[in-house]
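Asker: below is the sequence, then the predicted model.
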Amino acid sequence: MFYLLIDVLGTVAFAISGVLVAMEKKLDVFGVFIIAFVTAVGGGTLRDLLIGNTPVGWMRAPLSIFTIAITVLLAVVFVNYLKHFRKSLFLFDTIGIGLYTMIGIEKGLAVHLSPVMCIALGTMTASFGGVLRDILCNEIPVIFRREVYATVCILGGFLYFGLVFVQVPAEVAYSIGIGAIILLRLLAVRFKISLPNIYRSSR
Amino acid sequence: MFYLLIDVLGTVAFAISGVLVAMEKKLDVFGVFIIAFVTAVGGGTLRDLLIGNTPVGWMRAPLSIFTIAITVLLAVVFVNYLKHFRKSLFLFDTIGIGLYTMIGIEKGLAVHLSPVMCIALGTMTASFGGVLRDILCNEIPVIFRREVYATVCILGGFLYFGLVFVQVPAEVAYSIGIGAIILLRLLAVRFKISLPNIYRSSR
Amino acid sequence: MFYLLIDVLGTVAFAISGVLVAMEKKLDVFGVFIIAFVTAVGGGTLRDLLIGNTPVGWMRAPLSIFTIAITVLLAVVFVNYLKHFRKSLFLFDTIGIGLYTMIGIEKGLAVHLSPVMCIALGTMTASFGGVLRDILCNEIPVIFRREVYATVCILGGFLYFGLVFVQVPAEVAYSIGIGAIILLRLLAVRFKISLPNIYRSSR
């Protein structure tokens, strides 16, 4: 029940990030909906395709499509007020990333993937929606250029497997993994931590 | 037999729309073929991937690849004459959209998806080819910016399920669905109907 | 064993081509890794998705992800020295294309696709990684604009099926197919052979 709430909040945050990028590109209302939808379900869709889990998740769960539709409607109408919720949205987004990473890892374990592949799957679940959003809007994906977004998912994944390895019960490790991803991202953004610059020498 | 003819005409129209966009970008002849191919089969491929219907459709049906190859050959050679067929091509394209939407809905029903998901699947079948075409040519997909293309597929899908709900036989509803999509699109283009502008307030 | 070595060399060459494009776009180190990864495994992933071979190949074979990680690390650190290896890299890349085309054809045969579809699958296996690399970096894929890359895969595929048709043993035809692709590409690049220009008349 608690995880369902997180899932809905994450979906809302992901969808709104899609709405904002799409509206910046002046897409029509259908385009805005599609970008919001793709941002919210893209990661889980890629995950399900790669492991052969079809029909993919959102097709079997009507909740996400309705959540996204209502979110888009409200976001488009009240777009000028969205800036007041920037902090809440960032928090929901971060919580969503934590949850989606761990869901991806869980699904990888269910098809007997190795830990490294599970972590790759979890990271894709959390980040591919944003990649698709940016490709559809004709931008180089933002997560390839800045932010430690994906790095944080990978660290959280390793923490989870480390905890399980030292006999921490899986459910506890699961919650700690989510919490660690949330905390790390908040810290990274707060202290403007980014990946080491690999271009110094070329300047 | 009749539906097969529609399918071929739709494939031709989709492939030609790919040829035109690719030639505008000055791609080489292989690039033109791939864009035409992707435009024609992209929607059905995404549909088959999402519902786990593999190998995907075009791999099991040699007709489409040959239809597309011949279409590309003729379109490249006679590209200067294509403008005389603009109206026929638009008609074939519209007929194709109607048919592909309903084929997608049918495939969704076959794997027990809910009506809303079937309509989403049908709309993707009809429109994702054009989305891929535009992404590969480095453009924001045209259906996100103007035209009521996808909206018309969605309306046709709801009409189909409405008719089935009031006990109209499925085959009759199927044909009416295709016809409605064709008619609505012709009307929308004829009377320049577009989605409501959501950017008025921001100007 | 010999094929495994070719596979690793091809993976290295593909990954480095990803690193170079990504660094030109000034992506961060995570972005560089993802582009390298996608370039190296994208073709095989599309192939496995289209024929329903899931979880896709790289998820079941940890070798590729480690090969790519080490390649990226070395390529980023020694990027200024990469130009000295340009010829070796081009050779590895070409060998990789030959091998991946034939692997794709083999996988197509395993799910009973027709020869034409097997050749399409082989060509996609060899070339889709580069297409994804270019899309993610917001470029029109280079293979749609110049180079006979994909054409060479198609010719090699037809040669393979021709040889099998005249009763050449499959393993022999397999090796000849790989060799022919390598040879044709080297010749095409050496003598600057390209596809016929389809734009003369429009100038």
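Answerer: Yep, it's here.

Asker: CA only for contacts and neighbour counts going forward, please
Answerer: Will do.

Asker: center of chain A, which residue is that?
Answerer: residue A:126 (3.1 Å; CA atoms, centre = their mean).

Asker: ok, now how distant is that one from chain B?
Answerer: Look at residue A:126 and chain B: by CA to the nearest CA, to the nearest Å, they are 19 Å apart.

Asker: one more: residue A:177?
Answerer: 29 Å.

Asker: before we move on, what about residue A:61?
Answerer: 9 Å.

Asker: so what's residue A:37 up against?
Answerer: For residue A:37, the contact set (CA atoms under 8 Å, 6 or more residues apart in numbering or on different chains) comprises A:15, A:18, A:65, A:68.

Asker: report pLDDT for it.
Answerer: Residue A:37 carries a pLDDT score of 94 in this model.

Asker: assign a three-state SS to residue A:167, would you?
Answerer: coil (DSSP: H, G, I helix; E, B strand; the rest coil).

Asker: before we move on, what about residue A:198?
Answerer: coil.

Asker: give me phi/psi at it?
Answerer: phi -100, psi 10 (degrees, to the nearest 10).

Asker: list the buried ones in the helix or strand containing the residue nearest to the centre of chain A?
Answerer: Assigned by DSSP states H and E, residue A:126 belongs to helix A:115-136. For helix A:115-136, the neighbour count (16 or more other CA atoms under 10 Å in any protein chain shown) marks A:115-136 as buried.

Asker: I'd say the residue nearest to the centre of chain A and residue A:95 touch.
Answerer: No: the criterion here is CA atoms under 8 Å, and residue A:126 misses it with residue A:95 at 10.4 Å.

Asker: show me where chain A has helices.
Answerer: A:2-24, A:29-51, A:57-60, A:62-77, A:86-110, A:115-136, A:149-165, A:170-190 (DSSP state H).

Asker: can you tell me what sits against the last one?
Answerer: When contacts are taken as CA under 8 Å, 6+ apart, the neighbours of helix A:170-190 outside the stretch itself are A:94-95, A:97-99, A:101-102, A:147-149, A:152-153, A:155-157, A:159-161, A:163-164, A:193-194.

Asker: CA atoms of that helix as CSV?
Answerer: Only the C-alpha atoms of helix A:170-190 are listed here, as CSV (Å, rounded to 0.1, in the frame of the first residue of the first chain):
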residue,chain,number,x,y,z
ALA,A,170,15.8,-8.9,1.5
GLU,A,171,12.8,-6.7,2.5
VAL,A,172,15.0,-4.6,4.8
ALA,A,173,17.7,-4.3,2.2
TYR,A,174,15.0,-3.3,-0.3
SER,A,175,13.8,-0.4,1.9
ILE,A,176,17.4,0.7,2.7
GLY,A,177,18.3,0.6,-1.0
ILE,A,178,15.4,3.0,-1.8
GLY,A,179,16.3,5.2,1.2
ALA,A,180,19.9,5.3,0.2
ILE,A,181,19.1,6.4,-3.4
ILE,A,182,16.8,9.1,-2.2
LEU,A,183,19.4,10.4,0.4
LEU,A,184,22.3,10.2,-2.0
ARG,A,185,20.5,12.2,-4.7
LEU,A,186,19.3,14.8,-2.3
LEU,A,187,22.9,15.2,-1.0
ALA,A,188,24.3,15.3,-4.5
VAL,A,189,22.0,18.0,-5.7
ARG,A,190,22.3,19.9,-2.4
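
Asker: next, the angle from that helix to helix A:86-110.
Answerer: With axes from the mean of the first three to the mean of the last three CA atoms, to 10 degrees defining the directions, helix A:170-190 sits at 140 degrees from helix A:86-110.

Asker: returning to what we had before: now the contacts of helix A:170-190: which count as buried?
Answerer: Going by neighbour count (16+ other CA under 10 Å), the contacts of helix A:170-190 have A:94-95, A:97-99, A:101-102, A:147-149, A:152-153, A:155-157, A:159-161, A:163-164 buried.

Asker: these also near chain B: which ones?
Answerer: For chain B, no contacts are drawn from these by CA under 8 Å from any CA of the partner chain.

Asker: who in chain A is up against chain C?
Answerer: A:49-52, A:113, A:117, A:135, A:138-141, A:143-146, A:150-151, A:195-199.

Asker: now with 7 Å, please.
Answerer: Taking CA under 7 Å from any CA of the partner chain as the contact definition, chain A meets chain C at A:50-52, A:113, A:117, A:135, A:138-140, A:144-146, A:195, A:197-198.

Asker: quick one, which of those has the minimum pLDDT?
Answerer: Out of the residues of chain A next to chain C, that is residue A:146, at 70.

Asker: now for that one, how many residues are close by?
Answerer: Neighbour count for residue A:146, taken as other CA atoms under 10 Å in any protein chain shown: 16.

Asker: who's in contact with residue A:10?
Answerer: A:92-93, A:95-96 (CA atoms under 7 Å, 6 or more residues apart in numbering or on different chains).

Asker: now, which of those sits nearest residue C:107?
Answerer: Closest to residue C:107 out of the contacts of residue A:10 is residue A:96 (37.7 Å), distances taken as CA to CA.

Asker: I'd assumed residue A:7 was in contact with the closest one.
Answerer: Yes: applying CA atoms under 7 Å, one finds residue A:96 in contact with residue A:7, separated by 6.4 Å.

Asker: higher neighbour count, these two?
Answerer: residue A:96 (26 against 19).

Asker: show me what contacts that one?
Answerer: Taking CA under 7 Å, 6+ apart, one finds A:6-7, A:10 in contact with residue A:96.

Asker: please redo it, this time with the cut-off set to 6 Å
Answerer: Going by CA atoms under 6 Å, 6 or more residues apart in numbering or on different chains, residue A:96 touches residue A:10.

Asker: related to what we said a few turns ago, any chance of a markdown table for the contacts of residue A:37, columns neighbour count and distance to chain B?
Answerer: Below are these laid out as a markdown table (neighbours: other CA atoms under 10 Å in any protein chain shown; distance: CA to the nearest CA, whole Å):
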| residue | neighbour count | distance to chain B |
| --- | --- | --- |
| A:15 | 31 | 16 |
| A:18 | 28 | 13 |
| A:65 | 19 | 9 |
| A:68 | 26 | 14 |
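
Asker: can you pick out the most distant pair from those residues?
Answerer: Maximum distance among the contacts of residue A:37 (CA to CA): 14.1 Å, for A:18 and A:65.

Asker: name the residues of chain A found near chain B, please.
Answerer: Proximity of chain A to chain B (CA under 6 Å from any CA of the partner chain) is limited to residues A:27-28, A:31, A:54-56, A:59, A:137-138.

Asker: how about 7 Å then?
Answerer: A:27-31, A:54-56, A:59-60, A:136-138.

Asker: between these, which is closest to chain C?
Answerer: residue A:138 (6.7 Å; CA to the nearest CA).

Asker: doesn't residue B:142 make contact with that closest one?
Answerer: No: using CA under 7 Å as the test, residue A:138 is too far from residue B:142 to be in contact (11.9 Å).

Asker: so if I had to pick from those two, which one is more boxed in?
Answerer: Applying other CA under 10 Å to residue A:138 and residue B:142 shows that residue A:138 carries more neighbours, namely 21 against 16.

Asker: which residues does the more buried one contact?
Answerer: Residue A:138 touches B:138-140, C:138, counting by CA under 7 Å, 6+ apart.

Asker: farthest-apart pair in those residues, please.
Answerer: Taking CA to CA, no two of the contacts of residue A:138 sit farther apart than B:140 and C:138, at 11.1 Å.
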